[in-house]
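Participant: Using only what follows, build the 3D model:
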Amino acid sequence: MTTHPLVGVHHNINIDAYHSSAGISKSGLDKINQSPYHYWSHYLDPQRPPEEPRTSASEMAGTLLHAALLEPDEFDKRYAVGPDVARSTKVWKEFEEGARAQGKAAIKPEQYTAAKRQADACRALPEVRDALSKGHAEVSAYWRDPETGVLCRCRPDWVTPVGTRQVIHLDAKTYSNASPDEFRRQIARMAYHRQDAWYWDGYQHASGDEVVAFLFVAVELEWPYAASTVMLDDAAREQGRRENRRLLDTYARCLRDNQWPAFPGGPHPVSLPAWALDKE
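Facilitator: This next block holds a predicted model:
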(Lines give C-alpha, C1' and ligand atoms only; values in the text may rest on other atoms or scores of the structure.)
Protein backbone atom coordinates (compact mmCIF):
# COMPACT_ATOMS: atom_id res chain seq x y z
CA MET A 1 0.00 0.00 0.00
CA THR A 2 1.62 3.28 -1.14
CA THR A 3 1.80 6.21 1.23
CA HIS A 4 0.01 9.34 0.06
CA PRO A 5 1.81 12.65 0.77
CA LEU A 6 -1.26 13.96 2.59
CA VAL A 7 -1.45 11.07 5.07
CA GLY A 8 -1.17 12.46 8.59
CA VAL A 9 -2.53 15.47 10.48
CA HIS A 10 -2.37 19.05 9.14
CA HIS A 11 -3.14 22.35 10.85
CA ASN A 12 -2.55 24.69 7.91
CA ILE A 13 -4.98 23.54 5.19
CA ASN A 14 -7.74 26.07 4.56
CA ILE A 15 -11.30 24.91 4.15
CA ASP A 16 -11.48 25.34 0.37
CA ALA A 17 -8.25 23.40 -0.16
CA TYR A 18 -9.51 20.68 2.17
CA HIS A 19 -12.79 20.25 0.31
CA SER A 20 -11.02 20.03 -3.05
CA SER A 21 -8.32 17.64 -1.82
CA ALA A 22 -8.07 13.91 -2.52
CA GLY A 23 -9.73 11.28 -0.35
CA ILE A 24 -13.29 10.41 0.58
CA SER A 25 -14.94 12.21 3.48
CA LYS A 26 -18.04 11.61 5.55
CA SER A 27 -19.94 13.85 3.12
CA GLY A 28 -18.72 11.63 0.30
CA LEU A 29 -19.99 8.57 2.13
CA ASP A 30 -23.36 10.30 2.45
CA LYS A 31 -23.43 10.59 -1.36
CA ILE A 32 -22.48 6.92 -1.70
CA ASN A 33 -25.35 6.12 0.64
CA GLN A 34 -27.65 7.97 -1.75
CA SER A 35 -26.13 5.95 -4.59
CA PRO A 36 -22.68 5.53 -6.16
CA TYR A 37 -24.01 7.35 -9.22
CA HIS A 38 -24.86 10.38 -7.11
CA TYR A 39 -21.30 10.37 -5.75
CA TRP A 40 -19.78 10.08 -9.22
CA SER A 41 -22.06 12.80 -10.61
CA HIS A 42 -21.27 15.18 -7.75
CA TYR A 43 -17.50 14.65 -7.53
CA LEU A 44 -16.15 12.87 -10.61
CA ASP A 45 -18.29 13.55 -13.69
CA PRO A 46 -16.09 15.69 -16.01
CA GLN A 47 -19.25 17.21 -17.50
CA ARG A 48 -20.90 18.10 -14.19
CA PRO A 49 -22.24 21.66 -14.16
CA PRO A 50 -20.24 24.24 -12.23
CA GLU A 51 -21.29 24.26 -8.61
CA GLU A 52 -23.16 27.42 -7.76
CA PRO A 53 -22.48 28.82 -4.29
CA ARG A 54 -25.78 28.05 -2.57
CA THR A 55 -25.77 28.32 1.17
CA SER A 56 -28.98 27.86 3.10
CA ALA A 57 -29.75 30.00 6.13
CA SER A 58 -29.04 27.07 8.48
CA GLU A 59 -25.73 26.27 6.74
CA MET A 60 -24.66 29.91 7.00
CA ALA A 61 -25.63 29.92 10.67
CA GLY A 62 -23.41 26.90 11.21
CA THR A 63 -20.50 28.54 9.39
CA LEU A 64 -20.83 31.72 11.44
CA LEU A 65 -21.05 29.74 14.67
CA HIS A 66 -17.85 27.88 13.83
CA ALA A 67 -16.00 31.13 13.30
CA ALA A 68 -17.42 32.83 16.40
CA LEU A 69 -16.87 29.83 18.67
CA LEU A 70 -13.71 28.20 17.36
CA GLU A 71 -11.79 31.05 15.68
CA PRO A 72 -13.13 34.29 17.21
CA ASP A 73 -10.00 36.24 16.25
CA GLU A 74 -10.71 35.46 12.60
CA PHE A 75 -14.38 36.46 12.62
CA ASP A 76 -13.91 40.14 11.77
CA LYS A 77 -11.34 39.22 9.12
CA ARG A 78 -13.86 37.03 7.29
CA TYR A 79 -17.15 38.89 7.76
CA ALA A 80 -18.36 42.45 7.48
CA VAL A 81 -21.51 43.44 9.33
CA GLY A 82 -23.75 45.46 7.03
CA PRO A 83 -26.51 48.00 7.61
CA ASP A 84 -29.92 46.92 8.84
CA VAL A 85 -31.59 47.17 5.42
CA ALA A 86 -33.13 44.67 3.00
CA ARG A 87 -30.72 42.68 0.83
CA SER A 88 -32.59 43.86 -2.25
CA THR A 89 -31.75 47.53 -1.63
CA LYS A 90 -29.03 49.50 -3.38
CA VAL A 91 -27.47 50.31 0.00
CA TRP A 92 -27.00 46.62 0.81
CA LYS A 93 -25.70 45.70 -2.63
CA GLU A 94 -23.12 48.47 -2.49
CA PHE A 95 -22.04 47.35 0.97
CA GLU A 96 -21.83 43.72 -0.19
CA GLU A 97 -19.68 44.71 -3.14
CA GLY A 98 -17.35 46.68 -0.89
CA ALA A 99 -17.04 43.76 1.53
CA ARG A 100 -16.26 41.41 -1.33
CA ALA A 101 -13.49 43.74 -2.51
CA GLN A 102 -11.92 43.35 0.95
CA GLY A 103 -12.18 39.56 0.77
CA LYS A 104 -15.02 39.45 3.30
CA ALA A 105 -18.55 38.11 3.28
CA ALA A 106 -21.33 40.57 4.08
CA ILE A 107 -23.67 39.51 6.89
CA LYS A 108 -26.71 41.13 8.48
CA PRO A 109 -26.59 42.55 12.02
CA GLU A 110 -28.95 39.84 13.26
CA GLN A 111 -26.65 37.13 11.89
CA TYR A 112 -23.72 38.65 13.77
CA THR A 113 -25.71 38.89 16.99
CA ALA A 114 -26.98 35.32 16.71
CA ALA A 115 -23.49 33.89 16.08
CA LYS A 116 -22.02 35.75 19.04
CA ARG A 117 -24.88 34.74 21.35
CA GLN A 118 -24.63 31.11 20.21
CA ALA A 119 -20.89 31.08 20.83
CA ASP A 120 -21.40 32.56 24.30
CA ALA A 121 -24.03 29.91 25.10
CA CYS A 122 -21.64 27.14 24.05
CA ARG A 123 -18.72 28.55 26.05
CA ALA A 124 -20.98 28.81 29.11
CA LEU A 125 -20.95 24.99 29.25
CA PRO A 126 -17.98 24.00 31.46
CA GLU A 127 -17.02 20.99 29.33
CA VAL A 128 -16.93 23.13 26.19
CA ARG A 129 -15.02 25.94 27.87
CA ASP A 130 -12.45 23.44 29.17
CA ALA A 131 -12.08 21.76 25.77
CA LEU A 132 -11.54 25.10 24.01
CA SER A 133 -8.92 26.24 26.53
CA LYS A 134 -6.24 24.44 24.49
CA GLY A 135 -5.96 22.64 21.18
CA HIS A 136 -6.55 23.40 17.52
CA ALA A 137 -9.49 24.31 15.29
CA GLU A 138 -10.28 22.75 11.91
CA VAL A 139 -7.67 19.99 11.93
CA SER A 140 -7.38 18.06 8.65
CA ALA A 141 -6.58 14.35 8.95
CA TYR A 142 -5.84 11.88 6.12
CA TRP A 143 -5.33 8.13 6.26
CA ARG A 144 -5.44 4.96 4.20
CA ASP A 145 -8.28 2.58 5.02
CA PRO A 146 -6.50 -0.57 6.24
CA GLU A 147 -8.95 -2.93 4.51
CA THR A 148 -9.32 -1.32 1.07
CA GLY A 149 -6.33 1.01 0.82
CA VAL A 150 -8.45 3.99 -0.30
CA LEU A 151 -7.48 7.46 0.88
CA CYS A 152 -9.86 8.94 3.48
CA ARG A 153 -10.11 12.28 5.23
CA CYS A 154 -11.89 14.11 8.04
CA ARG A 155 -11.74 17.57 9.61
CA PRO A 156 -12.67 17.78 13.31
CA ASP A 157 -13.96 21.19 14.38
CA TRP A 158 -11.70 21.16 17.43
CA VAL A 159 -9.08 18.76 18.80
CA THR A 160 -8.09 19.02 22.47
CA PRO A 161 -5.05 17.15 23.87
CA VAL A 162 -5.94 15.62 27.22
CA GLY A 163 -3.08 13.25 27.99
CA THR A 164 -0.12 11.47 26.49
CA ARG A 165 -1.19 10.87 22.88
CA GLN A 166 -4.87 11.26 23.80
CA VAL A 167 -7.36 13.77 22.40
CA ILE A 168 -11.00 14.87 22.59
CA HIS A 169 -12.96 15.95 19.52
CA LEU A 170 -15.56 18.70 19.67
CA ASP A 171 -18.08 19.31 16.90
CA ALA A 172 -20.51 22.26 16.90
CA LYS A 173 -23.99 21.96 15.38
CA THR A 174 -26.86 24.41 15.05
CA TYR A 175 -30.41 23.08 15.30
CA SER A 176 -33.88 24.29 16.14
CA ASN A 177 -33.99 22.37 19.44
CA ALA A 178 -30.81 21.66 21.40
CA SER A 179 -32.38 19.47 24.07
CA PRO A 180 -30.44 16.20 24.23
CA ASP A 181 -33.55 14.09 23.67
CA GLU A 182 -34.48 16.00 20.52
CA PHE A 183 -30.94 16.33 19.21
CA ARG A 184 -30.48 12.55 19.29
CA ARG A 185 -33.22 12.40 16.66
CA GLN A 186 -31.29 14.91 14.56
CA ILE A 187 -28.20 12.71 14.98
CA ALA A 188 -30.10 9.81 13.44
CA ARG A 189 -31.60 11.96 10.65
CA MET A 190 -28.26 13.46 9.67
CA ALA A 191 -26.20 10.30 10.27
CA TYR A 192 -23.99 12.06 12.78
CA HIS A 193 -23.32 8.64 14.31
CA ARG A 194 -21.40 7.89 11.11
CA GLN A 195 -19.48 11.16 11.54
CA ASP A 196 -18.62 10.24 15.12
CA ALA A 197 -17.22 6.84 14.13
CA TRP A 198 -15.51 8.18 10.98
CA TYR A 199 -13.69 10.95 12.85
CA TRP A 200 -12.94 8.77 15.86
CA ASP A 201 -11.34 5.92 13.90
CA GLY A 202 -9.89 8.01 11.08
CA TYR A 203 -8.13 10.52 13.30
CA GLN A 204 -6.54 7.67 15.24
CA HIS A 205 -5.22 6.16 11.98
CA ALA A 206 -3.93 9.53 10.78
CA SER A 207 -2.33 10.75 14.01
CA GLY A 208 -1.50 7.71 16.10
CA ASP A 209 -3.30 9.45 18.98
CA GLU A 210 -6.14 7.84 20.91
CA VAL A 211 -9.51 9.58 20.69
CA VAL A 212 -11.11 9.25 24.12
CA ALA A 213 -14.29 11.32 23.60
CA PHE A 214 -16.35 13.00 20.87
CA LEU A 215 -18.55 15.88 22.05
CA PHE A 216 -21.38 17.22 19.91
CA VAL A 217 -22.23 20.77 20.97
CA ALA A 218 -25.79 21.59 19.91
CA VAL A 219 -26.98 25.19 20.02
CA GLU A 220 -30.34 26.58 18.96
CA LEU A 221 -30.79 28.73 15.87
CA GLU A 222 -33.04 31.27 17.56
CA TRP A 223 -33.20 33.15 20.86
CA PRO A 224 -32.56 32.21 23.64
CA TYR A 225 -29.84 30.11 21.90
CA ALA A 226 -29.85 27.31 24.45
CA ALA A 227 -26.96 24.85 24.13
CA SER A 228 -26.15 21.33 25.28
CA THR A 229 -23.42 18.74 24.81
CA VAL A 230 -24.15 15.20 23.69
CA MET A 231 -21.95 12.09 23.58
CA LEU A 232 -23.00 9.01 21.65
CA ASP A 233 -22.91 5.69 23.43
CA ASP A 234 -20.88 2.71 22.22
CA ALA A 235 -23.86 1.10 20.49
CA ALA A 236 -24.46 4.20 18.36
CA ARG A 237 -20.76 4.43 17.45
CA GLU A 238 -20.68 0.76 16.48
CA GLN A 239 -23.72 1.33 14.29
CA GLY A 240 -21.83 4.16 12.62
CA ARG A 241 -18.80 1.93 12.10
CA ARG A 242 -20.88 -0.78 10.44
CA GLU A 243 -22.52 1.71 8.11
CA ASN A 244 -19.18 3.35 7.29
CA ARG A 245 -17.66 -0.06 6.51
CA ARG A 246 -20.46 -0.92 4.12
CA LEU A 247 -20.29 2.43 2.34
CA LEU A 248 -16.48 2.46 2.18
CA ASP A 249 -16.43 -1.05 0.72
CA THR A 250 -18.97 0.05 -1.89
CA TYR A 251 -16.85 3.09 -2.74
CA ALA A 252 -13.68 0.99 -3.07
CA ARG A 253 -15.47 -1.49 -5.34
CA CYS A 254 -16.79 1.31 -7.55
CA LEU A 255 -13.30 2.82 -7.80
CA ARG A 256 -11.78 -0.54 -8.71
CA ASP A 257 -14.36 -1.42 -11.36
CA ASN A 258 -15.09 2.15 -12.49
CA GLN A 259 -18.77 1.31 -12.19
CA TRP A 260 -21.05 3.77 -10.41
CA PRO A 261 -24.60 2.38 -10.43
CA ALA A 262 -27.55 4.50 -9.36
CA PHE A 263 -29.89 1.78 -8.09
CA PRO A 264 -29.95 -2.05 -8.13
CA GLY A 265 -30.99 -3.61 -11.43
CA GLY A 266 -34.69 -3.48 -12.32
CA PRO A 267 -37.43 -3.55 -13.14
CA HIS A 268 -38.47 -2.91 -9.55
CA PRO A 269 -41.91 -4.17 -8.48
CA VAL A 270 -43.69 -1.49 -6.48
CA SER A 271 -47.12 -0.98 -5.00
CA LEU A 272 -49.05 2.14 -4.18
CA PRO A 273 -48.44 3.71 -0.78
CA ALA A 274 -51.13 3.04 1.79
CA TRP A 275 -52.59 6.55 1.53
CA ALA A 276 -53.23 6.08 -2.21
CA LEU A 277 -55.11 2.80 -1.93
CA ASP A 278 -58.90 2.66 -2.23
CA LYS A 279 -60.20 2.68 1.33
CA GLU A 280 -63.14 0.48 0.30
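Participant: Determine how far stretch 60-71 lies from the middle of the whole chain.
Facilitator: Using Cα atoms, centre = their mean, to the nearest Å, we find the averaged C-alpha position of stretch 60-71 to lie 12 Å away from the chain's own average C-alpha position.
Participant: typo on my end, stretch 186-195
Facilitator: 11 Å.
Participant: Stretch 64-78 too?
Facilitator: Mean C-alpha position of stretch 64-78 versus that of the full chain (Cα atoms, centre = their mean) differs by 16 Å.
Participant: which residues touch that stretch?
Facilitator: Under the criterion Cβ atoms under 8 Å, 6 or more residues apart in numbering, residues 79, 104-105, 107, 111-112, 114-116, 118-119, 122-123, 132, 137-138, 157-158, 172, 174, 217, 219 lie in contact with stretch 64-78. Placement of C-beta: from N, CA and C, glycine included.
Participant: How about stretch 138-152?
Facilitator: Judged by Cβ under 8 Å, 6+ apart, the contacts made with stretch 138-152 from elsewhere in the structure are 1, 3-4, 6-11, 13, 15, 18, 21-25, 66, 70-71, 153-159, 198, 202-203, 205-207, 245, 248-249, 251-252, 255.
Participant: Can you show me the strands along the stretch 101-250 of the chain?
Facilitator: Remark: strands assigned in the stretch 101-250 of the chain by DSSP state E, counting those that start in this stretch are 105-107, 136-137, 140-144, 151-154, 158-163, 166-175, 210-220, 227-230.
Participant: Can you add distance to Trp40, mean neighbour count and mean pLDDT and give those strands back as TSV?
Facilitator: Converted to TSV, the strands of the stretch 101-250 of the chain look like this (distance: least, Cβ to Cβ, whole Å; neighbours: other Cβ atoms under 10 Å; pLDDT from 0 to 100):
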stretch	distance to Trp40	mean neighbour count	mean pLDDT
strand 105-107	31	19	93
strand 136-137	32	16	95
strand 140-144	21	22	97
strand 151-154	17	23	97
strand 158-163	32	18	94
strand 166-175	28	21	97
strand 210-220	30	21	97
strand 227-230	34	20	98
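Participant: Quick one: closest of these to Ala262.
Facilitator: strand 151-154 (23.5 Å; Cβ to Cβ).
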